[in-house]
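> Show me the folded form of this:
(one chain, ligands or ions: 1)
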Amino acid sequence: MINILIVEDEFLIANLISETLEQAGYRCKCVYDGESAANEVEQTTYDLVLLDVMLPKIDGFELISYIRQYQVPVIFITAKADVKDRVQGLRLGAEDYIVKPFDVAELLARVEVVLRRYHKCDEILQVLDCTIDTVSRTVYKKGVSVELTYKEFELLLLLIKNKNVALYRETIYEKVWRDPFCQDTRTVDLHIQRLRKKMKWEKHIQTVYKVGYRFIEESDK
Ligand code: CA
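Numbering: from 1, shown residues only. As a prediction, this is how the structure comes out:
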């Protein structure tokens, strides 16, 4: 789960941010001054910090260089719409800047962009010698692009997300083709054959007798 630290001395805003992000599936912790924020970052691994500029004890501009030592991305959240501040924040290493009052959808979108930039979204999967980007739907094998059709890509994701699991042809069909299975095992078999060939994963996409297929990472056969 993605861990986000919210540093904001206005309780209502801190709560609003935290509720919004939690509904979107993130785990959040709120602290209300700069010193507590510094302690949190020392003690816990965060994927992102949302940082208010005007804070008791240590302000956001001072705090960011401290947080950056831990390689945690920071988005500033502040009431100051002043361009000068914005520039200073970004120069100090913030990934983005949100000005209060902000729209909840905007906040979520900016958080997602930064997390994606830091590959915190599981969008890039490293499997064997391949890099699979689930957002751009591209596959690279040892740096060389592998061209997959839409269904082949879906099939690939299904197999690797169910590593070591024997998947029934029926299940594969229903998940990839999103249709009820109609005794047409040939479609699945053909796509598996093509995928195996394109990925050069003959040993990793195994046929399971009377069942279907299974993806494995280790193969000494
Ligand atoms: Ca404040």
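> Check the secondary structure at the nearest residue to Glu22 once chain neighbours are set aside for me.
Excluding its sequence neighbours, the residue lying closest to Glu22 (C-beta to C-beta, 6 or more residues apart in numbering) is Cys28, at 5.6 Å. From N, CA and C alone the C-beta is placed, and that goes for glycine too. Recorded secondary structure, Cys28: strand (DSSP: H, G, I helix; E, B strand; the rest coil).
> count of residues packed around Cys28?
Neighbours of Cys28 under the rule other C-beta atoms under 10 Å: 21.
> Can you verify my assumption that it contacts Thr20?
No - using C-beta atoms under 8 Å as the test, Cys28 is too far from Thr20 to be in contact (9.1 Å).
> CA atoms only for the helix or strand of the chain with the lowest mean pLDDT, dumped as CSV, please.
Here the helix or strand of the chain ranked lowest by mean pLDDT, DSSP states H and E is helix 83-91, holding a mean of 76. Listed next in CSV are the C-alpha coordinates belonging to helix 83-91 (Å, rounded to 0.1, in the frame of the first residue of the first chain):
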residue,chain,number,x,y,z
VAL,A,83,4.3,32.8,-7.9
LYS,A,84,7.6,33.6,-6.2
ASP,A,85,6.9,31.0,-3.5
ARG,A,86,5.9,28.5,-6.1
VAL,A,87,9.1,28.9,-7.9
GLN,A,88,11.1,28.7,-4.7
GLY,A,89,9.3,25.5,-3.7
LEU,A,90,10.0,23.8,-7.0
ARG,A,91,13.6,25.0,-6.9
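> and the helix or strand that that helix is followed by, is it in reach of the ion?
Following helix 83-91 in sequence order, the next helix or strand is strand 96-99 (DSSP states H and E). No - judged by C-beta under 5 Å from the ion, strand 96-99 stays clear of the ion, getting no closer than 12.6 Å.
> Report all helices and strands that strand 96-99 contacts.
Counting contacts by 3 or more C-beta pairs under 8 Å, 6 or more residues apart in numbering; DSSP states H and E, strand 96-99 packs against strand 74-78, helix 83-91, helix 104-117.
> Can you pull the residues of the chain lying near the ion?
Counting by C-beta under 5 Å from the ion, the chain sits next to the ion at 9, 52, 54.
> Thank you kindly, that will do.
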